[in-house]
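**Q** sharing a model that was predicted from the sequence below.
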Protein chains: 2
Amino acid sequence: MPLTPQDLTTSSHEAVPILGAMGIRVLEAGHGRALAELPREPNVNHFGALYAGSLFSVVEMLGGAIVRATFDLDDELAGFVPLVKSMEIHFRRPALGTVWARAELALEDLERIPRQALERGKADYTLTAEIVDAEETVLVTTTGLYQLRRF
Amino acid sequence: MPLTPQDLTTSSHEAVPILGAMGIRVLEAGHGRALAELPREPNVNHFGALYAGSLFSVVEMLGGAIVRATFDLDDELAGFVPLVKSMEIHFRRPALGTVWARAELALEDLERIPRQALERGKADYTLTAEIVDAEETVLVTTTGLYQLRRF
């Protein structure tokens, strides 16, 4: 079965201890969409803004969370893993408190990704994401290229 | 006085606790160049590869380290801070052990950045960097746009 937000939070911290150290949590995931939270502590730097590496991480992990919440990597797609190939990230305004990162797959990718992965052993997908603050101000925008492939 | 690699390691961990948690150390810095180390632990994920967010971070922090090691942000440029504005990062091969990130400023930037910062209150600079393993294989390449500006 695809994973729940709680499952994804736990498994992401087990898979990548640094994500646990940052306190990143998946709040919603499924049907090609995901939302994750990056808390102010311990990610704030001594200028009072959230560190760029933590902002990158909360976006980057959405690319895996969406796939794990939308497709069945324990059954139909067992043995496949999502990997990031490249990312372009723009830091538009400083992030001063807890922030939220959200991303969604294109609708046509919901059908294409599992089909192509099974046919070819891999499927690329592009994810645009943004990070917003509590006032919904867009602070960071990204475009990431990922690949679901046999491990 | 510009800072030494040891000073830069200590001050980066004080300024950004997550960099300390990743165990990132500045090994060489000055004259428009910097080299930093990202250790395998605690940055390895459960597939045995270094986490993308840690790879991003060791590159990103070079943009500040180079400026702090090359220019005098305690005297002539007191009150100025380096900020990352955007980054394009390509993950070309998996990083399986401890890796090293290195970057250098263009020679003409050594004169331009402090002059323009003092004249205009800010100066943009572009930094290309790469991450290599112990065999000097290039694993990650990046282009980052930074700004030195009055805080």
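**A** That came through fine. Residues are numbered from 1 along each chain as shown, chains lettered A, B, ... in the order given.
**Q** separation between the residue nearest the centre of chain A and B:Gly144?
**A** Of all residues in chain A, the one closest to the mean position by C-alpha atoms, centre = their mean is A:Leu62, 0.8 Å from it. Distance, A:Leu62 to B:Gly144, by C-beta to C-beta, to the nearest Å: 22 Å. Where C-beta positions appear, they are placed from N, C-alpha and C, glycine not excepted.
**Q** who does A:Arg150 bridge with?
**A** A:Phe80 (DSSP bridges).
**Q** ok, it to A:Leu127 distance?
**A** 20 Å.
**Q** who's more crowded, those two?
**A** Set A:Arg150 next to A:Leu127 and count neighbours by other C-beta atoms under 10 Å in any protein chain shown: A:Leu127 wins out with 25 against 13.
**Q** so who does that one touch?
**A** Residues near A:Leu127 by C-beta atoms under 8 Å, 6 or more residues apart in numbering or on different chains: A:Leu62, A:Gly63, A:Ile66, A:Ala103, A:Glu104, A:Leu105, A:Thr142, A:Thr143, A:Gly144, A:Tyr146.
**Q** again, only this time at 6 Å
**A** A:Leu127 is in contact with A:Gly63, A:Ala103, A:Gly144, counting by C-beta atoms under 6 Å, 6 or more residues apart in numbering or on different chains.
**Q** which ones among those residues lie within helices?
**A** A:Gly63 (DSSP state H).
**Q** export the contacts of A:Leu127 to JSON lines and tack on pLDDT and neighbour count?
**A** As requested, these are exported to JSON lines (pLDDT from 0 to 100; neighbours: other C-beta atoms under 10 Å in any protein chain shown):
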{"residue": "A:Gly63", "pLDDT": "95", "neighbour count": "28"}
{"residue": "A:Ala103", "pLDDT": "97", "neighbour count": "21"}
{"residue": "A:Gly144", "pLDDT": "97", "neighbour count": "23"}
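**Q** ok, of the contacts of A:Leu127, which one's closest to A:Gly48?
**A** A:Ala103 (26.4 Å; C-beta to C-beta).
**Q** near chain B, which residues of chain A?
**A** A:15-18, A:21, A:42, A:45-46, A:51-54, A:56-57, A:60, A:84-91 (C-beta under 6 Å from any C-beta of the partner chain).
**Q** emit the ChimeraX select command for whichever of those are buried.
**A** Of these, the buried ones can be selected in ChimeraX as follows, counting by 16 or more other C-beta atoms under 10 Å in any protein chain shown:
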select /A:15,16,17,18,21,45,51,52,53,54,56,57,60,84,85,86,87,88,89,90,91
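**Q** buried residues in the longest helix anywhere in chain A?
**A** Using DSSP H to define each element, chain A has its longest helix at helix A:107-120. Across helix A:107-120, burial judged by 16+ other C-beta under 10 Å covers A:Asp109, A:Ile113, A:Pro114, A:Gln116, A:Ala117.
**Q** who touches that helix?
**A** A:Gly32, A:Phe71, A:Phe80, A:Ala123, A:Tyr125, A:Leu148.
**Q** run a quick neighbour tally on the closest residue to A:Ile113 other than its chain neighbours.
**A** Once flanking residues are discounted, A:Ile113 sits nearest to A:Ala123: 4.7 Å by C-beta to C-beta, 6 or more residues apart in numbering or on different chains. If you count neighbours by other C-beta under 10 Å, A:Ala123 ends up with 22.
**Q** and A:Ala123, its phi and psi?
**A** When read as degrees, to the nearest 10, the backbone of A:Ala123 gives phi -150, psi 120.
**Q** now do the contacts for it.
**A** A:Ile113, A:Gln116, A:Ala117, A:Leu148.
**Q** now for the last one, how many residues are close by?
**A** Right, A:Leu148. A:Leu148 has 23 nearby residues by other C-beta under 10 Å.
**Q** secondary structure element for it?
**A** strand A:138-150 (DSSP states H and E).
**Q** for that strand, packing partners?
**A** Here strand A:138-150 is seen to pack against helix A:62-70, strand A:80-91, strand A:122-132 when contacts are counted using 3 or more C-beta pairs under 6 Å, 6 or more residues apart in numbering or on different chains; DSSP states H and E.
**Q** go again using 8 Å as the cut-off
**A** helix A:52-60, helix A:62-70, strand A:80-91, helix A:107-120, strand A:122-132 (3 or more C-beta pairs under 8 Å, 6 or more residues apart in numbering or on different chains; DSSP states H and E).
**Q** who wins for proximity to A:Val99 among those?
**A** Here strand A:122-132 is closest among those (C-beta to C-beta), at 5.1 Å.
**Q** quick one: strands adjacent to that closest one?
**A** strand A:99-104 (antiparallel), strand A:138-150 (antiparallel).
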